[in-house]
Structure formats: C-alpha cells, structure tokens
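A.B. asks: Predicted model and sequence follow; I will ask about them next.
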Amino acid sequence: MTPTIALRGVTKRYGDVTAVDGLDLSIQPGEVVALLGPNGAGKSTTIDMLLGLTRPDGGAARLFELPPVEAIARGRVGAMLQSGGLLPDLSVAEIVELAAALQPKSRPVAQVLERAGLADLAKRRVGKLSGGQQQRVRFAMALVADPELIVLDEPTTGLDVEARRAFWAAMRDESGHGRTVLFATHYLDEADAYADRIVFMRAGRVVADGTAAQIKALVSGRTIRATLPGADLNALAALPGVDEVESRGDAVLLTCRDSDAALRALLTSTPARDIEVNARGLEDAFVALTMEGAAAQ
Ligand SMILES: Nc1ncnc2c1ncn2[C@@H]1O[C@H](COP(=O)(O)OP(=O)(O)OP(=O)(O)O)[C@@H](O)[C@H]1O
C-alpha cells in the first residue's frame, strides 16, 4: 500500500541546532496519529517539512509518494497550522469560499461551516472573531478541499473545554470517512483519546511509536498513594515491591514494580490510610521518555 506520509532520513538544522535528526516515519491511509513530545522536540519543523513549507537539509518527505507541494496542489492535503494569516476584512463565509476557490475540488462551503461550528458566524468579519473562533476558521479552511490527509499543528490551543470536545467530535466524524489525520499536541488526554497511534519525538528523533497502551506500557508498574503523616521515607523505600518514594505533604506516593506486595506490607507495617492504587498513565510515560533524553544529552 502506498503510505500517505513517508519521511525518510529527514534532517533539518538551524545553525548549531539539529531540529530534526534523520527522522523516518511512515503513516498509512486511514491512520489517526498524534505527534507528541516536549517543547522543542521538532514537531512543528517535521510538520513544516512534510507540508513543503521548509526544505529538509537531508532526506526526503513524500505525501502519497509525491513531493509535498505537488500533493497539496492536487488538493489531497488540508492543513491547520498554529498561526498564519487570516484576512481580517473578509467574512467567515467569504474566506472559506476563497479557500475553496483555490482548490481543484471542494466541498460545499455551507456544509464545512456547519462541520466547523461556524454556521452562526458565517457573516461575521474574521477580524472580529475570538482566538478560538479563528481556530475554527482554520479548521474549515483545512476541510474545504475534501482532503485525504489532514495535518493539524496543535489544533485545540486556545479552545475552551466545550470547543475542544466539539472539535474532536467533528474530527472523529471526518476520520471515520477513511481520512488520514496527523496532529501535533501537548494535550496527553487528546493523544490518548483520539489517536490510533502516538509517535513520541524528542530532540528531533522518534523515541517511541505505538498505540497509547503500548506507550503507557513503557512505564511499567503502579503507584500507591496513601495518607501517612510523618512517614519514614527510607523505611517505605525498603518495603517489598517499592521502587521509589516521594513525600506529598501528609501523603506519600510509592512507585512500585509489585504493588500487591507493597500494599500488603504498607497495611501490615504502617498506619497508612486513604490508600489509592493507580496504573501509571501516559503522563508518566511522557515524563519518563522526556527525562531519558535529558539524561542522554
Ligand atoms: N526558524 C528557526 N530558526 C532557528 N531555530 C529554530 C527555528 N525553528 C525551530 N527552531 C529550533 O528547532 C527546534 C525544534 O523546534 P520545533 O518548533 O520544531 O519544536 P516543537 O516540538 O514543535 O516545539 P513546541 O512544542 O514548543 O511547539 C527547537 O530547538 C527550536 O528552537
């Protein structure tokens, strides 16, 4: 099958900084992929290269086996970037119509406005919209070409909770039609909830690539949280099954390789109460993957 996105050994340097470092990434038709990583990991630079906005210093980016500029000219790609000029004097409907007119094929503008939650704002001047509403205009402009691939760089930044929920409901419908979606995000819950696959970047490289469950499994074990005023942290660290102990006010947080053994010992040898046992989540994996990089650099 022809991959929708293929990055092969892509490298980008800015002076002494290697923003993207020999990146290989292949994304198949219909996949919904989150690009996750700490600030400066190279996510935006990767997106810029795969959209043909920045030229790689080494390697090649292909969309549908075509140079990015050609795939975009054919209307096969819709993109929503973090910033980027919106003409402030046009109305919402006019700017989406303009975006449609620039495409070889397009969806009905009214349908796209509805999808982006802009039907009631169609006549409003773009310059008068709130930041979140302008994000929705960018979303409508990305959808109007009826693209096979949608690329979104931090699409929900600036949206309130309800607008984020509505955005992802719309995206879920869109991807349900077999579209491929790649989005960069800082929101772990969004990557967890909406992506089939998470590509974790650090220092310009892919350091983990898999489903949310596979990424979470990189940090094994569970945590135990308990109220235990005046706890002896060294004694807790020596309990069976415990790897690490942190103090949080009157509470303690134990990171455990064997939470059953740790819990048994905690209950029999201490007055701990209000005990909670939790599986470690994507946030723990994020911190662990980011910290590994800090240690290696
Ligand atoms: N135009 C540029 N000139 C110089 N350095 C740049 C430029 N663009 C990016 N960089 C550097 O390249 C690295 C990667 O930046 P990039 O914006 O791709 O990361 P990111 O993962 O998108 O970060 P964030 O999550 O903060 O948006 C950073 O160290 C950044 O400072």
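C.D. replies: Looks like it arrived, so ask away. Numbers count the residues shown, from 1 in each chain.
A.B. asks: where's the spatially most central residue of the chain relative to Gly40, distance?
C.D. replies: With distances taken as CA atoms, centre = their mean, the residue of the chain nearest its centroid is Thr185 (3.0 Å). In this view, Thr185 and Gly40 are 15 Å apart by CB to CB, to the nearest Å. C-betas here are computed from N, CA, C, even on glycine.
A.B. asks: Can you give me the pLDDT of the residue nearest to the centre of the chain?
C.D. replies: With respect to pLDDT, Thr185 has a value of 89.
A.B. asks: Would you mind pulling up the elements that the lowest-mean-pLDDT helix or strand in the chain packs against?
C.D. replies: When the helices and strands of the chain are compared on mean pLDDT, DSSP states H and E, helix 282-296 comes out lowest with a mean of 71. With contacts taken as 3 or more CB pairs under 8 Å, 6 or more residues apart in numbering; DSSP states H and E, helix 282-296 sits against helix 188-194, strand 197-202, strand 205-210, helix 212-217.
A.B. asks: quick one: it to strand 205-210, angle?
C.D. replies: Between helix 282-296 and strand 205-210, the angle comes out at 150 degrees (axes from the mean of the first three to the mean of the last three CA atoms, to 10 degrees).
A.B. asks: Any buried residues in helix 282-296, and which?
C.D. replies: 282, 284-286, 289-290, 293 (16 or more other CB atoms under 10 Å).
A.B. asks: can you redo these as JSON lines with distance to the ligand?
C.D. replies: Output for the buried residues of helix 282-296, formatted as JSON lines (distance: CB to the nearest ligand atom, whole Å):
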{"residue": "Leu282", "distance to the ligand": "16"}
{"residue": "Asp284", "distance to the ligand": "19"}
{"residue": "Ala285", "distance to the ligand": "17"}
{"residue": "Phe286", "distance to the ligand": "12"}
{"residue": "Leu289", "distance to the ligand": "13"}
{"residue": "Thr290", "distance to the ligand": "11"}
{"residue": "Gly293", "distance to the ligand": "12"}
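A.B. asks: Now render the residues you listed as JSON lines, adding distance to Lys123.
C.D. replies: Converted to JSON lines, these look like this (distance: CB to CB, whole Å):
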{"residue": "Leu282", "distance to Lys123": "41"}
{"residue": "Asp284", "distance to Lys123": "48"}
{"residue": "Ala285", "distance to Lys123": "46"}
{"residue": "Phe286", "distance to Lys123": "42"}
{"residue": "Leu289", "distance to Lys123": "47"}
{"residue": "Thr290", "distance to Lys123": "45"}
{"residue": "Gly293", "distance to Lys123": "49"}
